[in-house]
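Asks: Return atomic coordinates for the entry below.
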Amino acid sequence: MFDAIRNSKRFVQVFLGLIILPFAFWGVDSYFGPSRGGGELASVGGSSISQQEFSQAMRDQQERLRGQYGREFNPAMLETPEARQAMLDSLVTQRLLLLHASKSGLATSDAQLIDVIGSIPALQEEGRFSKRRYEQALRAQGLTQTGFEAKLRQDLTLQQMVQAVSDTAVVSKASAERMIAIQLEERQVSEVTFRPEQFSAQVKLSDDAVRDYYEKNRKQFEIPQQIRAEYIVLSREILAQQTTVGQDEIKSAYEKNARNYVTQEERRASHILIQSPVDAPEAEQKAARAKVDAILQQVKKTPGDFAKLAKEHSQDPGSSEKGGDLGYFAHGAMVKSFEDAVFALKENQISDVVRSEFGYHIIRLTGIKPGKVRSFEEARESIVAELKAQMAGTKFAEAAEAFSNSVYEQADSLKPAADKFKLPIQQTGFFDQSNRVAAGPLAGNDKLFMALFSDDALKNKRNTDAIEVAPNTLVAARVLEQRPAELRSLESVKGEIERKLVAEAASRLAQQEGEAKLSQLSKGEPIALNWSPPQTVVRQPMRGLAPEAQRAIFKASTNKLPAYAGVHLSKGGYALFRISQAGTGTAKGEGDPRAKAQSAQLTQLAGVEDFNAYQAALRERYGVKIDKAALAKNTNE
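Replies: Next up, the predicted model:
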């Protein structure tokens, strides 16, 4: 099941992106218990979704998008009523699915959970799961094993439910064939483009045109108000840097977690397997034993041919092509009889026949990595980092409150808070509300950014509140200097306006010329035009062909050829097209990748419809109530 999920269809991933949100690890009980406070936004089957949960989801979604898009991400996109409604809908859907899973007795087993955690590359050492790395990763993120695994179980359960719904999506063969025929349609097209620059010389601006445009569009030429600010940052990372750890604490942590610094002995082996389950008929077992005995004799005669013989005879599909190589593994990775034999061999030694539940094995030990204990000095640096992170995490909640109070109570300067917490006061360049580049790290948080442009910050030069800009990161800022808004002079923008007006007028002339030519061609009048060589145009996006042009080409009737189409280009000017041939591309059998792609898209659409219907049924069954007034109030705050 989980292999299927790892290789799931694209629309399964889309669903999961909507409903599995990266918010805090509340734990399973939180979904079916009382609200965590802060007011109720929605109720699902009698279980509340609180303001606090919603706010946490919004913050974590913001961080996920910022990590994905970097500076291109604009936090304002999540502040719209539509975005907030979409987030609440996502929380409702997640709650519905988990509620239904609980009522239906659906859950992720321990074995499935272990399989998924063990397959996470960041938790592996040399390709195998590392308990030490797992515990380090949890500590670094301030998570408990119980909380992390509870949340992961939820996500995996959601994956299974979405997979189950998506697998029911069915598209009829006739629908698929019709869509494929449309999508594979092709047209042979030549083009003539009427560009604005071809008509620029014909444009004559009146004496008053520039001044009139300037007077009617003064807003375009305003330089907005700009400010320069100073700011301080308090974060868990900064507290960790400021934290000192005593020698006794380091030694105590080393001794307490000694098992984390032990690397087990690992061995590398190759084998030849002749399959024979323990419950196979006796005659089959005897035949398998005779076969493996014969292979063992060949191995003993020519040990150097072990890999060759494994490729020829081994019935283990996972290793036979690699000459029987199983790689390195530690105790506990293999079945007992096989493991006992491997750890009893010397390097390059070949075993006698070994019986396991899978059949008969001939094993060769090809490598040994002795177990190792990391010394205190070797582990010291990582221990110090972990202790600092833990101590900083504990300190942050208390420090955050004191930091917030300090910037609020001594609001005319950031220096008292900076001195108290040993923080550097940093400065930005000048920036305005639409151009945030010079605002540096302040630009990424809308709440902080807008606080700097509030009346209190601008007129009174008071500190902003301490605002959380990322998990465990607070920023307070203060306006240092202002530049008032001003209007650029007509003389300074005259050339800019002239170029704009000429370009617009030239574009209109180009479009008029193109439309006139299209009218003549449509009437059958002969016209000499410099057509481009024909090219094949398909419905899929094409480099160098504007989307509006592509739509015009396929909208044109081809009952009579040549046919003609024209379009106003979004960048100005006009494009005229001559369609000389039209036809439908044909799929090259069932394996044609184009046909497969179109069928997959239709299946995706069907899956979306099925999932929407499934959600609607769950809403009807369990009942969903949304407090729209509370959501609107939340949006305005």
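Asks: Who are the packing partners of the one helix or strand residue 608 maps to?
Replies: In this assignment (DSSP states H and E), residue 608 forms part of helix 593-622. Applying 3 or more CB pairs under 8 Å, 6 or more residues apart in numbering; DSSP states H and E, we find helix 593-622 packed against helix 10-19, helix 81-104, helix 145-166, helix 173-183. To be clear about C-beta, it is placed using only N, CA and C from the backbone, and glycine gets the same treatment.
Asks: can you put these in TSV and add mean pLDDT, mean neighbour count and distance to residue 322?
Replies: Shown next, in TSV, are the helices and strands packed on helix 593-622 (pLDDT from 0 to 100; neighbours: other CB atoms under 10 Å; distance: least, CB to CB, whole Å):
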stretch	mean pLDDT	mean neighbour count	distance to residue 322
helix 10-19	39	17	32
helix 81-104	87	18	40
helix 145-166	82	18	31
helix 173-183	70	14	40
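Asks: mind checking which of those is nearest residue 199?
Replies: For residue 199, the closest of the helices and strands packed on helix 593-622 is helix 173-183, at 37.4 Å, according to CB to CB.
Asks: right, and the helix or strand after that closest one?
Replies: strand 185-194.
Asks: Show me the strands paired with that following strand, marking each as parallel or antiparallel.
Replies: If you go by DSSP bridges, strand 185-194 pairs up with strand 535-538 (antiparallel), strand 574-584 (antiparallel).
Asks: In terms of helix, strand or coil, where does the most centrally placed residue in the chain fall?
Replies: With distances taken as CA atoms, centre = their mean, the residue of the chain nearest its centroid is residue 68 (6.3 Å). Following DSSP: H, G, I helix; E, B strand; the rest coil, residue 68 is assigned to helix.
Asks: The closest residue in space to residue 536 that isn't next to it in sequence bridge partners, please.
Replies: Nearest in space to residue 536, with sequence neighbours left out and distances taken as CB to CB, 6 or more residues apart in numbering, is residue 186 at 5.4 Å. When assigned by DSSP bridges, residue 186 has beta-bridge partners residue 538, residue 583.
Asks: how much space between residue 186 and residue 197?
Replies: Distance, residue 186 to residue 197, by CB to CB, to the nearest Å: 32 Å.
Asks: what's the answer for residue 378, then?
Replies: Going from residue 378 to residue 197 by CB to CB gives 69 Å.
Asks: Helices along the stretch 151-300 of the chain, start to end?
Replies: In the stretch 151-300 of the chain, helices defined by DSSP state H, counting those that start in this stretch lie at 173-183, 209-216, 236-242, 247-256, 282-301, listed in chain order.
Asks: The residue nearest to residue 536: how many residues sit nearby?
Replies: Neighbourhood size, residue 186 [other CB atoms under 10 Å]: 14.
Asks: For residue 433, find the nearest of the helices and strands packed on helix 593-622.
Replies: Per CB to CB, nearest to residue 433 of the helices and strands packed on helix 593-622: helix 81-104, 19.8 Å.
Asks: Would you list the phi and psi of residue 365?
Replies: Recorded main-chain torsions at residue 365 are phi -80, psi 120, according to degrees, to the nearest 10.
Asks: For it, give the beta-bridge partners.
Replies: residue 269.
Asks: per-residue confidence for it?
Replies: As predicted, residue 365 sits at a pLDDT of 96.
Asks: Was I right to think it contacts residue 346?
Replies: Yes. At 6.8 Å, residue 365 counts as touching residue 346 under the criterion of CB atoms under 8 Å.
Asks: Those two: which is more packed in?
Replies: The neighbour comparison of residue 365 against residue 346 (other CB under 10 Å) goes to residue 365, with 20 against 7.
Asks: got the contact list for residue 479?
Replies: 227-229, 452, 457-458, 461 (CB atoms under 8 Å, 6 or more residues apart in numbering).
Asks: Go through these and say which is closest to residue 279.
Replies: Looking across those and measuring by CB to CB, the closest to residue 279 is residue 452, at 74.7 Å.
Asks: and the helices and strands packed on helix 593-622 as a markdown table, adding distance to residue 469?
Replies: A markdown table is the format used below for the helices and strands packed on helix 593-622 (distance: least, CB to CB, whole Å):
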| stretch | distance to residue 469 |
| --- | --- |
| helix 10-19 | 24 |
| helix 81-104 | 19 |
| helix 145-166 | 24 |
| helix 173-183 | 45 |
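Asks: Quick check: residue 90 vs residue 58, distance?
Replies: The gap separating residue 90 from residue 58 is 11 Å, by CB to CB.
Asks: number of nearby residues for the residue nearest to residue 225 when sequence neighbours are not counted?
Replies: Using CB to CB, 6+ apart and skipping residues adjacent in sequence, the residue nearest residue 225 is residue 485, 4.5 Å away. Residue 485 is flanked by 11 other residues according to other CB under 10 Å.
Asks: hang on, the earlier thing: please produce JSON lines containing the strands paired with strand 185-194, extended by distance to residue 403.
Replies: Formatted as JSON lines, the strands paired with strand 185-194 follow (distance: least, CB to CB, whole Å):
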{"stretch": "strand 535-538", "distance to residue 403": "59"}
{"stretch": "strand 574-584", "distance to residue 403": "60"}
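Asks: who wins for proximity to residue 310 among the ones you listed?
Replies: Smallest distance to residue 310 across the strands paired with strand 185-194 (CB to CB): 49.4 Å, for strand 535-538.
Asks: Can you tell me what sits against the closest one?
Replies: 184-190, 545, 550, 553-554, 585.
Asks: Show me which positions of that strand end up buried.
Replies: Neighbour counts over strand 535-538 (16 or more other CB atoms under 10 Å) mark 537-538 as buried.
Asks: now do stretch 559-566
Replies: Within stretch 559-566, the residues scored as buried using 16+ other CB under 10 Å are 563, 565-566.
Asks: Just the closest of those residues to residue 358, please.
Replies: Ranked by distance to residue 358 (CB to CB), the buried residues of stretch 559-566 are led by residue 565 at 66.7 Å.
Asks: out of everything not next to it in sequence, what's closest to the closest one?
Replies: residue 556 (3.9 Å).
Asks: What does that neighbour show for phi and psi?
Replies: Phi and psi for residue 556, reported as degrees, to the nearest 10, are phi -70, psi 140.
Asks: Tell me, how many residues neighbour it?
Replies: Counted with other CB under 10 Å, the neighbours of residue 556 add up to 16.
Asks: I figured it hits residue 562, correct?
Replies: No. Counting by CB under 8 Å, residue 556 does not reach residue 562; the two are 10.3 Å apart.
Asks: between these two, what contacts are shared?
Replies: Listed as contacting both residue 556 and residue 562 by CB under 8 Å, 6+ apart are residue 579.
Asks: Could you measure from residue 328 over to residue 371?
Replies: 12 Å.
Asks: Looking at the two, which is more packed in?
Replies: Neighbour count, other CB under 10 Å: between residue 328 and residue 371, residue 328 has more, with 17 against 12.
Asks: What residues are recorded as beta-bridge partners of the more buried one?
Replies: Counting by DSSP bridges, residue 328 forms beta bridges with residue 268.
Asks: got it, and residue 369?
Replies: residue 266.
Asks: ok, it - contacts?
Replies: Counting by CB under 8 Å, 6+ apart, residue 369 has contacts 265-268, 328.
Asks: now, among the residues you listed, which is nearest to residue 306?
Replies: residue 268 (13.2 Å).
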